[in-house]
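Student: sequence and computational prediction follow.
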Amino acid sequence: MPGLTVKLGFDDFPEVYTCKGANRSPPITVEGLLPNIKSLAILATTSPEEGPAKVAWIIWNLPPVPLIPEGFVAGEEVVESPLPGVQGTNDFETIGYRGPCPKPGEGEAYLFRVYALDIDLSLPPGSTWEEMLRAIHGSLNQSGEAIAFAIE
């Protein structure tokens with residue numbers, strides 16, 4: 001399975017993408033998409049330094065584009081802007097992106113995994129990451145990941 005090159009454009013989170021700023025989802029560059037890809041899905045998780053990793057964002061049925069723009073609205077299960085997609089429930093029990101929020105004097109890493117699929121997922125809005133990964137099974141053609149850090 002050929003991999004994807006996934007880039008965030010930063011190693012350290014700009015404040016706008018954290019809970020201290022606007023808590024906006026960051027832009028994600030995706031390179032190397034195969035021509036048969038029908039949709040993209042994203043799973044963003046926190047670093048597992050303090051216990052298990054937590055899911056901070058899940059979104060699927062994004063069009064297969066080389067740039068996933070910033071600014072998906074939190075709280076909306078079905079989004080039309082900046083791209084059409086469907087968001088799920090994260091481990092913070094909210095819909096959409098939840099940016100890093102490290103405690104003072106600590107850091108937090110986020111891992112963004114991008115999955116390239118040959119189908120659109122038939123998954124209800126608000127589904128969990130476990131449900132998304134089960135739905136992906138058998139349709140995953142490519143994947144890639146990028147990591148960034150937030151330090152308070």
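Tutor: All right, it came through fine. Fair warning: this is a prediction, and the values are worked out from it, not measured in the lab. Numbering: from 1, shown residues only.
Student: can you give me the helices in this structure?
Tutor: All helices of the chain, identified by DSSP state H, fall at 129-136.
Student: show me where it has its strands.
Tutor: Counting by DSSP state E, the chain has these strands, from start to end: 5-7, 28-31, 39-46, 55-62, 67-68, 78-79, 85-87, 107-117, 140-151.
Student: for the spatially most distant residue from the centre of the chain, which non-adjacent residue is closest in space?
Tutor: The centre of the chain is farthest from one residue, Gly105, which by C-alpha atoms, centre = their mean lies 25.6 Å away. Distances taken as C-beta to C-beta, 6 or more residues apart in numbering put Glu152 closest to Gly105, at 6.6 Å, once the chain neighbours are dropped. (Each C-beta comes from the backbone N, C-alpha and C, glycine too.)
Student: residues in contact with the one you found?
Tutor: Listed by C-beta atoms under 8 Å, 6 or more residues apart in numbering, the contact set of Glu152 reads 20, 102-107.
Student: quick check: the gap between Pro104 and Ile95.
Tutor: 28 Å (C-beta to C-beta, to the nearest Å).
Student: meant to ask about Pro2, not that
Tutor: Using C-beta to C-beta, Pro2 is found at 32 Å from Ile95.
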